[in-house]
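Q: Sequence and computational prediction follow.
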Amino acid sequence: MTNGYTARDRAWHPPALTPLYKTSVARSPRFAPLGHATSASEETGPVFGHDILGPMDNDLITNFAAPGEMAIGPRIVVQGHVRDEFGRPVPHTLVEVWQANAGGRYRHKKEGYLAPLDPNFGGCGRCITDENGFYEFLTVKPGPYPWPNGPDDWRPAHIHLSVFGHSFAQRLITQLYFEGDPMIWQCPIVGTIPSKEAIEGLIARLDRANSLPMNALCYQFDITLRGRRQTMFENRPEGL
Amino acid sequence: MTRAKETASQTAGPYVHIGCTPNFLGIEGIFPEDLGTRMITGEPEGERITVTGSVIDGAGNVLKDALVEIWQADAAGQFPGHGAAPGFTGWGRSPGDMETGEFSFETLKPGRVPWHDGRKQAPHITVWVVARGINLGLHTRIYFPDEEEANAEDPILQRVEHRQRIQTLIADKTDEGYRFDIRLQGEDETIFFDI
């Protein structure tokens, strides 16, 4: 028997209704969500083996590029540690990423920004954390872009991340921002998060010590998922 | 023990499909197949069902940029990774159709899963919805209209205070299978869970 997952701190996450981010207005539930203790339905989740990964899946610079070509833009490595709220590493979990190109344009037919599409940049990648919960991918730094919220709203440079964790209760989608970017504090989507400290947790740190010389700057972005009060399958490692 | 804060959620929008279902979007050649497109990969025991639906906003518009994921037990109530029948993944991911917004899953009718106190839950599918404008992914459940007895003793359905809202968690039976629409707001707002 398990004691389940710790409750999500809803005052820390953005509330559903955040009118300055206009799309939330018609898409936010108005009733309070119904709380319940977790069961196996929430305490288990899909497991992805390394067999789903291709060799270039975490290299966004070349995974969509024509042979011998590369995406254009400042090259960066993003790496970090996925842990739960109690500091336990979350190994072997899928991290999916997507982003605009260096000019700030997405590869999407509904994209409305006039910046050029980079023919060698698809904008997505994925990796699985190692046995200690570390992940890494290589990409180009995305550009900021204007978006139709207010008359002149801009998104700061950002990368979207989707993390599975080991259970459906841990499922999380968030965005990574870059240290030193003044646009972070002007963005209505960033502004949906009530706490400055919570926002600071979404800012990747420039890490010169781990930069690849003559190749790529490194940004560190650690991710914290929900925590279990005790390990559900502590005697059954295959449950992890 | 020091407890760290969970990383704050952000909307999955505007283009969650670039990252999660790139082939669906026409970004081909990176991943051989989008994840979660096939839940039945062998010959597992159980009744094959189709579940379709759409996600609808407070103005009655169908979302065309949502992503729906489901997680469920097999016909015997076992989860993949924890004793489920081979050939069943338990996990599905469906983008809304670009034109109609409809999501769709070919899956198995789930069996009954124990509640944390050992009682049996009614057959259900766990659902997670993300889209542009949804600041924190929404959890809900699909129950089945042909499981009245099990539904009546389900520990979650029993504790829903607003009894008239229970029907928002129960799929409709159709000629093609089951239909489950998710309403983000309004009189028939779907019950979402804080789990």
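A: Arrived safely. Residues are numbered from 1 along each chain as shown, chains lettered A, B, ... in the order given.
Q: can you give me the strands for chain A?
A: Taking DSSP state E as the criterion, chain A contains strands spanning A:34-35, A:75-84, A:94-99, A:124-128, A:134-140, A:145-147, A:153-155, A:158-163, A:172-178, A:203-206, A:217-220, A:223-225.
Q: by contact count, what packs against the second one?
A: Which is strand A:75-84. For strand A:75-84, the contact count by 3 or more Cβ pairs under 8 Å, 6 or more residues apart in numbering or on different chains; DSSP states H and E identifies strand A:134-140, strand A:217-220, strand A:223-225 as packing neighbours. C-beta: built from backbone N, CA, C; applies to glycine.
Q: would JSON lines of those with mean pLDDT be doable?
A: Putting the helices and strands packed on strand A:75-84 into JSON lines (pLDDT from 0 to 100) gives the following:
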{"stretch": "strand A:134-140", "mean pLDDT": "98"}
{"stretch": "strand A:217-220", "mean pLDDT": "98"}
{"stretch": "strand A:223-225", "mean pLDDT": "98"}
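Q: Need the pLDDT of the residue nearest the centre of chain A.
A: Chain A has residue A:161 as the residue nearest its centroid, 1.9 Å off, counting by Cα atoms, centre = their mean. Per-residue pLDDT puts residue A:161 at 98.
Q: ditto for residue A:1
A: For residue A:1, pLDDT reads 39.
Q: ok so, going back, compare the helices and strands packed on strand A:75-84 and give me the one nearest residue A:70.
A: Residue A:70 lies closest, by Cβ to Cβ, to one member of these: strand A:134-140, at 8.7 Å.
Q: Which one, of the helices and strands packed on strand A:75-84, ends up nearest to residue A:88?
A: Of all the helices and strands packed on strand A:75-84, strand A:223-225 comes closest under Cβ to Cβ, at 9.5 Å.
Q: For stretch B:40-50, measure first residue to last.
A: Its first and final residues considered, stretch B:40-50 spans 12 Å by Cα to Cα, to the nearest Å.
Q: mean confidence for that stretch?
A: Stretch B:40-50 comes out at a mean pLDDT of 97.
Q: Quick one: distance of it to the chain centre.
A: Put simply, stretch B:40-50 sits 17 Å off its chain's centre (Cα atoms, centre = their mean, to the nearest Å).
Q: check whether it contacts chain A.
A: No. With Cβ under 8 Å from any Cβ of the partner chain as the measure, stretch B:40-50 is seen stopping short of chain A, the closest distance being 12.7 Å.
Q: Helices of chain B, residue ranges please.
A: Assigned by DSSP state H, the helices in chain B fall at B:16-20, B:22-25, B:148-152, B:155-158.
Q: just so I know, which of those lies nearest chain A?
A: Nearest to chain A among the helices of chain B is helix B:16-20 (2.9 Å), distances taken as Cβ to the nearest Cβ.
Q: I would like the residues contacting that closest one, please.
A: Helix B:16-20 is contacted by residues A:96-98, A:106-108, A:122-124, A:160, A:162, A:173, B:24-25, B:27, B:34-35, B:65, B:67, B:93, B:95, B:130-132 when judged by Cβ atoms under 8 Å, 6 or more residues apart in numbering or on different chains.
Q: Name the residues of that helix that are buried.
A: Neighbour-count burial for helix B:16-20, with 16 or more other Cβ atoms under 10 Å in any protein chain shown as criterion, is recorded at B:16, B:17, B:18, B:19, B:20.
Q: Spit out the contact partners of residue 149.
A: In the absence of a named chain, chain A is used. The contact partners of residue A:149, by Cβ under 8 Å, 6+ apart, come to A:21, A:22, A:23, A:188.
Q: what are the phi and psi values for it?
A: When read as degrees, to the nearest 10, the backbone of residue A:149 gives phi -110, psi -80.
Q: Go ahead and flag the most central residue of chain B.
A: By Cα atoms, centre = their mean, chain B has its centre lying nearest to residue B:127, at 2.6 Å.
Q: which residue packs closest to that one, ignoring adjacent ones?
A: If you skip the residues right next to it in sequence, residue B:127 has residue B:140 as its closest partner in space, 4.8 Å away by Cβ to Cβ, 6 or more residues apart in numbering or on different chains.
Q: and what of residue A:17?
A: Spatial nearest neighbour of residue A:17, excluding adjacent residues (Cβ to Cβ, 6+ apart): residue A:28 at 4.1 Å.
Q: and what of residue A:18?
A: Closest residue in space to residue A:18, ignoring its immediate chain neighbours: residue A:192 at 4.1 Å, by Cβ to Cβ, 6+ apart.
Q: what about the one you found, neighbour count?
A: Neighbours of residue A:192 under the rule other Cβ atoms under 10 Å in any protein chain shown: 24.
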